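Undergrad: following is a predicted model, sequence given first.
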Amino acid sequence: MSDPVTNRPGRIFEITSVSNPTIKSIRALSLKKNRDAEGVFLAEGMKLILDAFENGWQIDTLIYANQMSSNDQLSTIAAKARVKGTNILEVSEKVLSTITRRDNPQMVLGVMRQVWREPPSTALNKSSVWIVLDRVRDPGNLGTIIRTADAAGANGIILVGETTDPYSMEAVRATMGSIFNVPVVKMSMVDFVEWRKQWPGSVVGTHLEGASDYRVIDYSGGPVLLVMGNEQQGLPPELAEACDHLVLIPMNGKADSLNLAVATGVMLFQMGKVLPPVGTQT
């Protein structure tokens, strides 16, 4: 979709047909198998494009409605992106709707390279917090957790098992740009359980049968892995056994549980009492 040689400037194309082969290939990125095969994903909206560009992410193709061609901010981004090999597509609003499958699409889209990180090393600041997510099914939940992790100053997220794709358009949209700030790692259950053995700090998991109130745990003794279970089933035995502490968030009303993203936020901001200001962690 873009010129692979980074010292070759990208090109500008005007496209008005929804049957254009390039548009069809971009539209196909709505399917995970195609995103995985290409190693790319779609980000929608000016804010996400700006966040990606400012954080140094590779934009393969920049797509925008032709009426946006005179937008100064977009023109600046497009010019800088072209120097790095990004192709530019000026398209009709109908074409944008076809790609996003929405009647009122954002006027700017980007096809970007996926970035997967390696698991954190054991040489960590004692205030580091990594979130471990087990088989998250809802892309909105995952995107919101990534956004919340960014807001709370967490260091990154480890996805364990068959988790929904953080690079689906729904998940990326829910991150509000935090996908470009928060490192994401993916591991199998077996690999995670083995890797956890070298973790230098504590491992805390939320569990409906948790032995401790989440507010009484001391999170300040070293780096922390916060383990959150699947929306419906909670933590499986393998992950529960890998935890040093199982904690419970008490319910005062008739609800018996919290939404996964909300529960993760509650835990992170409780831990935030012992975290340094954002920007000082390693």
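TA: Everything's here; your move.
Undergrad: relative to Phe192, how far out is Gly234?
TA: Distance check for Gly234 against Phe192: by C-beta to C-beta, to the nearest Å, it reads 16 Å. All C-beta atoms are positioned from the backbone trio N, CA, C, and that covers glycine.
Undergrad: centroid residue for this protein?
TA: The central residue of the chain, meaning the one whose C-alpha is nearest the mean C-alpha position (C-alpha atoms, centre = their mean), is Ile179 at 3.8 Å.
Undergrad: contacts only, for the closest residue to Val91 other than its chain neighbours.
TA: With sequence-adjacent residues excluded and distances taken as C-beta to C-beta, 6 or more residues apart in numbering, Val91 is closest to Ile15, at 4.8 Å. Applying C-beta atoms under 8 Å, 6 or more residues apart in numbering, one finds that Ile15 lies in contact with Thr22, Ile23, Leu89, Glu90, Val91, Ser92, Val95.
Undergrad: now those residues: which count as buried?
TA: The neighbour-count criterion (16 or more other C-beta atoms under 10 Å) marks Ile23, Leu89, Glu90, Val91, Ser92, Val95 among these as buried.
Undergrad: from the contacts of Ile15, which land in helices?
TA: Secondary structure from DSSP state H places Thr22, Ile23, Val95 of the contacts of Ile15 in helices.
Undergrad: of those, which is the nearest to Pro119?
TA: Distance to Pro119, by C-beta to C-beta, is smallest for Thr22 among the ones in helices among the contacts of Ile15, at 36.3 Å.
Undergrad: circling back: mind putting the contacts of Ile15 in CSV, pLDDT included?
TA: Putting the contacts of Ile15 into CSV (pLDDT from 0 to 100) gives the following:
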residue, pLDDT
Thr22, 95
Ile23, 95
Leu89, 95
Glu90, 94
Val91, 94
Ser92, 91
Val95, 92
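Undergrad: of all the buried ones among the contacts of Ile15, which two lie farthest apart?
TA: Farthest-apart pair in the buried ones among the contacts of Ile15 is Ile23 and Glu90; separation 12.2 Å (C-beta to C-beta).
Undergrad: looking at the buried ones among the contacts of Ile15, which is nearest Met107?
TA: Nearest to Met107 out of the buried ones among the contacts of Ile15 is Val91 (C-beta to C-beta; 10.0 Å).
Undergrad: contacting residues for the closest one?
TA: Glu14, Ile15, Thr16, Ile23, Ile63, Tyr64, Ala65, Asn66.
Undergrad: mind redoing it with 10 Å?
TA: Residues counted as contacts of Val91 (C-beta atoms under 10 Å, 6 or more residues apart in numbering) are 13-18, 20, 22-23, 26, 63-66, 68, 98-99, 107, 109.
Undergrad: now do Lys80
TA: With contacts defined as C-beta under 10 Å, 6+ apart, the neighbours of Lys80 are Phe53, Ile59, Thr86.
Undergrad: name the helix or strand for it, please.
TA: If you go by DSSP states H and E, Lys80 is part of helix 72-83.
Undergrad: give me the buried stretch members for that helix, please.
TA: Under the neighbour-count criterion of 16+ other C-beta under 10 Å, helix 72-83 has Leu74, Ile77, Ala78, Ala81, Arg82 buried.
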